[in-house]
Structures are given as C-alpha cells and as structure tokens.
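Q: Starting from these lines, generate the structure:
(one chain, ligands or ions: 1)
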Amino acid sequence: MNSAKSSATNVLGHVTFLDGRGDLPMIEVITPWSTAEIYLHGAHVTHFKTNDGHPLLFLSQCSRFEEGQPIRGGIPIIFPWFGPREGLGQHGYARVKAWELKQFSIAPDGSVRVRFRLPDSPDAAKFPACTVEYVVTVSKVLTLELSVTNQSKEVFTYEDCLHTYFTVGNIKDVTVKGLKGASYLDKVDNMARKTETPDVIRIASEVDRTYLDTTSAVEIADAKLGRVIRVEKENSKSTVVWNPWIAKAQQMADYGDEEYHEMVCVESGNVGSNAIKLAPGATSMLKVTLDSSPLR
Ligand code: BG6
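A: Numbers count the residues shown, from 1 in each chain. Below you'll find the predicted structure:
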C-alpha cells in the first residue's frame, strides 16, 4: 500500500503507528499470516492481505482521506443509521469520526487484536447515551466486532452495518451466493420488495439491494482471481449488496469511473426493519469474519 510513512513508531515488530494518507493516523499490523491497515478515522480497516493471497479489500484510487469525509473502500462502519436520514446525511457519523485507540494485544500465536472506542461528540449527543467499541483481530482471517452498550434509561433503536468493499478480478466473473430465498428491498427499482430466486447473484448493472431477515454466510466466488471470499456473520439480520455500475460511478467524486469492474460491496448489519432495539444497560455485538480460499 502507498502510505506516507513519515513518523513510524514500531511496537514489538507487529504493530506500527504511522501517518497514513492525508496525514491521518494509521496502524499497520503484521502477523505471521497477514497484514492489515487501520485508520483511527472511522476505525476504518482499509487493507487486509494474507501472505500468499491477493488483497481482500477494495480501496478507491479517488478516496478522500480527510477529516469529516468518509473513506471510499475498505470497511466503513455505519452507525447509528443506515442510508439517508433527513437533516443528518448518509450512513451515520461513526465513519467520519476519529476513534480512540483503547488497547492492542498480541496473542501467543501472533494474532493481533486492536480495540477502538467511538468518542463523545455533538452528533452522538442527539442519541441515547451509549458506549460503542470496535475490535479488529488480524490473523489468518480478519475478524470485526462492533459492540454497542446502551448507557441510557430508554430503549435505543439503531442501525449498524460493516459496509465492506471487496476487491474482485472482474465483476463479470463474480457470483455472490447465500441469499437465495431472501426477501430484499430493491433500491434501483423504487424500493420494490422482491425475493431472490437464483442460486447465485451475478452483477451486470447497478445493484443496490437490502436483504432482510437473513443470517446466512455469503460467498463471493471470483473466477479471475481464483478465490472464494466467505463472509460469516453473527447477530446480523441484514445483508446489503451494492455495485454502483457506470452512471453512478461517474457521479461519485471519490470513486473512479471504471472502478465498478473491480469491486463489490457485501455489507453485514442490521438495517431498516432489522434495526436493533437495545434495552437500557444491554449490549449488542455485530461480528463479521472474512476469509478467503482457493476457488475449486
Ligand atoms: C450502500 C447503499 O450501502 O452504500 C447505497 O445501499 C449507497 O445506496 C452506498 O449508494 C454508498 O453510500 P455512500 O454514502 O458511501 O456514497
């Protein structure tokens, strides 16, 4: 990755603190099996790669790396709302805040665990008081745990989503499996409610679908890169599949016109009618594990 490594501080040879792109603070993690990059801005994982593999995550060449702006690619954390919300912008505030690094630890086997906390802010003050933590574990696989604890005396209703951008060899050679029979809202067809009928999804036009009430793992088979990415999830009832295709790609300032060939978003969370209703004092954790293996 092309990170500006001007002020690197290396800890135990596994975790390095750097000035990343746009001079935003970034953590580089190296394990016996893999490497990862995580920005404090959005607690945003922008890169994960196993030693013998191709990078797992897509990151746009046109992404902004600026305070107050989301990073285009990697794993944006969507919280506490998904999509547009009147007067409040798109996809919540968590992805544009600098998260606090609370702790990191290195297990005897060499896997690295990094824990972040979302700081208080005027945006957060509009919602019930809560503690939001995010733990990234880098090993042979990438594990992400987003937990929310309701510190208020009222029920906290929120949406969450790990809006993961996967890199693919060529979108025309990709199938997405695991959503057959699931009901979805089709954003490119006026939010019409539909049911997924084929065994696999192929993408040959703009796709923006919110699958509801589905807890299944999803597999992205990529004939060009010769791999299958597996997205395992816990405590997630929604999956979003998104590719902007040609016209929308051209409209996005932070996304290359041709990049729709190279990525697909498969997002795991709880959105719309699957929003979490969290009782006072309760904690809810969304967990996602990303793994890849050779395509057979
Ligand atoms: C997806 C939404 O999750 O995110 C799409 O379903 C949206 O409708 C996409 O276009 C990207 O959103 P943003 O705010 O990062 O441009």
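
Q: from here on, contacts and neighbour counts on C-alpha atoms
A: Noted.

Q: Skipping its backbone neighbours, what lies nearest residue 74 in space?
A: residue 46 (4.1 Å; Cα to Cα, 6 or more residues apart in numbering).

Q: So what's the residue count around the one you found?
A: Residue 46: 24 surrounding residues under other Cα atoms under 10 Å.

Q: Where does it fall, secondary structure wise?
A: For residue 46, the host element (DSSP states H and E) is strand 44-50.

Q: can you tell me if that strand touches the ligand.
A: No. On the criterion Cα under 6 Å from any ligand atom, strand 44-50 is out of touch with the ligand, staying 12.9 Å away.

Q: picking that back up, was I right about the residue nearest to residue 74 contacting residue 73?
A: Yes. With contacts counted by Cα atoms under 8 Å, residue 46 reaches residue 73, the gap being 6.7 Å.

Q: okay, and the common contacts of those two?
A: Jointly contacting residue 46 and residue 73 under the rule Cα atoms under 8 Å, 6 or more residues apart in numbering are 57, 58, 59.

Q: now, which of the residues you listed sits nearest the ligand?
A: residue 59 (12.2 Å; Cα to the nearest ligand atom).

Q: That closest one - nearest residue in space that isn't next to it in sequence?
A: Residue 59 sits nearest to residue 73 (Cα to Cα, 6+ apart), 4.1 Å away.

Q: From residue 210, how far out is the one you found?
A: Distance, residue 73 to residue 210, by Cα to Cα, to the nearest Å: 19 Å.

Q: And these two? Which one has more around it.
A: Applying other Cα under 10 Å to residue 73 and residue 210 shows that residue 73 carries more neighbours, namely 27 against 23.

Q: can you list the weak-confidence ranges in this structure?
A: In the predicted model, the chain carries pLDDT under 70 at residues 1-7, 11-13.

Q: At the contact with the ligand, which residues of it appear?
A: 90, 208, 242.

Q: In the sheet, which residues pair with the closest residue to the second one other than its chain neighbours? Tell me.
A: In space, and not counting its chain neighbours, residue 208 is closest to residue 242: 4.5 Å by Cα to Cα, 6+ apart. Bridge pairing for residue 242 (DSSP bridges) gives the partners residue 208, residue 265.

Q: residues near residue 242, how many?
A: Residue 242 has 22 nearby residues by other Cα under 10 Å.

Q: re earlier: residues contacting the residue nearest to residue 59?
A: Shown in contact with residue 73 (Cα under 8 Å, 6+ apart): 46, 57, 58, 59, 60, 63, 164, 165.

Q: again, only using 10 Å
A: 44-47, 57-63, 163-167, 254-255, 263-265 (Cα atoms under 10 Å, 6 or more residues apart in numbering).

Q: now the strands for the stretch 151-296 of the chain?
A: Assigned by DSSP state E, counting those that start in this stretch, the strands in the stretch 151-296 of the chain fall at 156-158, 160-162, 165-167, 174-177, 183-186, 192-195, 200-201, 207-212, 218-222, 227-234, 238-243, 263-270, 276-278, 283-294.

Q: Go through the ones you listed and name the closest to residue 29.
A: For residue 29, the closest of the strands of the stretch 151-296 of the chain is strand 283-294, at 16.2 Å, according to Cα to Cα.

Q: Would you list the strands that that closest one pairs with, along with their directions?
A: In the sheet, strand 283-294 lines up against strand 142-150 (antiparallel), strand 227-234 (antiparallel) (DSSP bridges).

Q: CSV for those strands, including mean neighbour count?
A: Shown next, in CSV, are the strands paired with strand 283-294 (neighbours: other Cα atoms under 10 Å):
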stretch, mean neighbour count
strand 142-150, 20
strand 227-234, 20
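
Q: so can I have TSV of these showing distance to residue 19?
A: Shown next, in TSV, are those (distance: least, Cα to Cα, whole Å):
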stretch	distance to residue 19
strand 142-150	23
strand 227-234	30
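
Q: now for the strands of the stretch 151-296 of the chain, which one comes closest to residue 16?
A: Judging these by Cα to Cα, what sits closest to residue 16 is strand 283-294, at 22.5 Å.
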